[in-house]
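S.K.: Take a look and give me a structure for this.
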Amino acid sequence: MPIIPPDNSEKHFKYLDSARGIAALMVFGSHFVARTFQAKMNVHYFFFVLNGNDAVSFFFVLSGFVLSYKYVVLGKPLDIKKFYVSRVFRLFPAYFLIVLWSALYTFRNELGCQTFKDLFIFNKYEFWEEAFLLHFHNKFYYPGWTLTLEMVGSFLMPFYIALALKNRRLIPYFVLAMLIIGNNLCFSYMFAFGIIASCYYSEITGVSFRETKWFKYRYPILIASVVLFSIRQIDAISPLGPSYKDLAAYLGIDFFTYTGIACFVFLVGILHSKRVQRFLENRVLVYLGKISYGVYLVHVVVINTVYLYTEQYLSGSHPAASFALITILVILAVVLVATILHYCIELPFMRIGKHIAGRMKPSLIIGRDID
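M.R.: Modelled structure (predicted):
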């Protein structure tokens, strides 16, 4: 089992918050560029930097690490019911608000009594399925599929943690089994990648890590990981061909398989490198990490709302200047709305969730000394 650090207090990883913030910024940037340029020019090269499609892989891998660290590394007991309550209050309230906003934005030109009945009473447009993250209904807020996966992964997490506590060597075999099966368990292997990082946290952050065979080949591994992370964009520019795609479909492998592996390598590199951690602990990046969930949630509807009232100016006499101004407005609006969402919705409901969990009676407990 992993060695428990002498200081058994819970640690807050500011540099991982920053890394999550950068991933959220990549998603935001990719949707903004696609919204503006997709129909006008080839933007595939932009997406090597703003690879929003695959930045979500980092969210899942990072969630696996952050959610398991407290129990796998620090050895604290996990109460399943309290864990679930905390996760629901962490993820759901802000998401619900954005789905509601997105639905109202969709029907902005026909808001009325009948529209409200169709939406909320008769459920004509399956609003409630989407609002409660059921069956991948994403008509109003299309990035919501990732929240469904995050919630599913959160509910499966206690079982993965129990497996890790039983024997950490079981987790890589679990990942291998999931890769063979494919994505039938909703990207479970990505969360498991994060748990592997927890299981080997002491080794990854220790001096002895530099003496391993993996560290010797760190640069080729990092370059290969960058290529894997960009494989979707490489395919968009130079298609991999039908033979590969037929084989990948047969094996149940998609681009997220590669980006999940790449994000695991990135996470290990961040956990080990003090230099990278110092860079990520920049105040601006830390703040971006703090509001990253809000940035991810609000950016689509903010982009659409800003463009609704400003896009007409792009066809004026100074389109370049207009676009620059709109870009600044979108960035400021996303940061502002995400900040409001963080302090007015996320934090209060997180406190409510912790309060409710703290008053609950113990349920099924998972821990090293628990059978």
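
S.K.: going forward, measure contacts between C-alpha atoms and count neighbours the same way
M.R.: Noted.

S.K.: Let me see the ranges of the helices in the stretch 51-200 of the chain.
M.R.: Under the criterion DSSP state H, counting those that start in this stretch, the stretch 51-200 of the chain contains helices at 52-72, 80-106, 113-116, 127-131, 144-166, 170-181, 188-199.

S.K.: on contacts alone, who are the packing partners of the longest one?
M.R.: Translated: helix 80-106. Judged by 3 or more C-alpha pairs under 8 Å, 6 or more residues apart in numbering; DSSP states H and E, helix 80-106 is in contact with helix 127-131, helix 144-166, helix 292-310, helix 347-359.

S.K.: residues touching the residue nearest to residue 330 when sequence neighbours are not counted, list them.
M.R.: Nearest non-adjacent residue to residue 330, counting by C-alpha to C-alpha, 6 or more residues apart in numbering: residue 303, 6.1 Å away. Going by C-alpha atoms under 8 Å, 6 or more residues apart in numbering, residue 303 touches 32, 330, 334.

S.K.: repeat that with 10 Å
M.R.: 28, 31, 32, 35, 36, 326, 327, 329, 330, 331, 333, 334 (C-alpha atoms under 10 Å, 6 or more residues apart in numbering).

S.K.: List the residues that contact residue 205.
M.R.: Residue 205 neighbours (C-alpha under 10 Å, 6+ apart): 268, 269, 270, 271, 272, 273, 274.

S.K.: gap between it and residue 91?
M.R.: Using C-alpha to C-alpha, to the nearest Å, residue 205 is found at 29 Å from residue 91.

S.K.: cool, residue 208 as well?
M.R.: 37 Å.

S.K.: who's more crowded, these two?
M.R.: Remark: of residue 208 and residue 91, residue 91 carries more neighbours, 18 against 11, as counted by other C-alpha atoms under 10 Å.

S.K.: Go ahead and confirm the more buried one touches residue 296.
M.R.: No. Judged on C-alpha atoms under 10 Å, residue 91 makes no contact with residue 296 at a distance of 12.0 Å.

S.K.: Tell me who's in contact with residue 188.
M.R.: Residues counted as contacts of residue 188 (C-alpha under 10 Å, 6+ apart) are 60-61, 64, 149-150, 152-154, 156-157, 160, 174-175, 178-179, 182.

S.K.: Quick one: residues contacting the residue lying closest to residue 155 once chain neighbours are set aside.
M.R.: Counting by C-alpha to C-alpha, 6+ apart, residue 155 lies nearest to residue 84, which is 6.7 Å off, once chain neighbours are set aside. Residue 84 makes contact with 90, 151, 154, 155, 156, 157, 158, 353, 357 under the criterion C-alpha under 10 Å, 6+ apart.

S.K.: Dump the helices and strands packed on helix 80-106 to CSV, plus distance to residue 79 and mean pLDDT.
M.R.: Shown next, in CSV, are the helices and strands packed on helix 80-106 (distance: least, C-alpha to C-alpha, whole Å; pLDDT from 0 to 100):
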stretch, distance to residue 79, mean pLDDT
helix 127-131, 27, 92
helix 144-166, 9, 89
helix 292-310, 25, 89
helix 347-359, 9, 94
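
S.K.: Look at residue 288 and give its secondary structure.
M.R.: Put simply, residue 288 is helix when judged by DSSP: H, G, I helix; E, B strand; the rest coil.

S.K.: Flag the shaky bits of the chain, pLDDT-wise.
M.R.: Applying pLDDT under 70 to the chain picks out residues 1-11, 35-49, 180-186, 312-320, 368-371.

S.K.: Dihedrals phi and psi, residue 200?
M.R.: Dihedral pair for residue 200: phi -110, psi 20, per degrees, to the nearest 10.

S.K.: Quick check: it touching residue 68?
M.R.: No. Look at residue 200 against residue 68 with C-alpha under 10 Å: they stay out of range, at 11.7 Å.

S.K.: Neighbour count for those two, which is higher?
M.R.: Comparing residue 200 with residue 68 by other C-alpha under 10 Å, the one with more neighbours is residue 68, at 28 against 19.

S.K.: list the contacts for the more buried one?
M.R.: Residue 68 touches 62, 74-75, 78, 157-158, 160-162, 164, 191-192, 194-199, counting by C-alpha under 10 Å, 6+ apart.

S.K.: Give the buried residues for stretch 280-292.
M.R.: By neighbour count on 16 or more other C-alpha atoms under 10 Å, the buried set for stretch 280-292 is 280, 281, 285, 286, 287, 288, 289, 290, 291, 292.

S.K.: quick one: which of the residues you listed is nearest residue 54?
M.R.: Minimum distance to residue 54 across the buried residues of stretch 280-292 is 16.0 Å, recorded for residue 292 (C-alpha to C-alpha).
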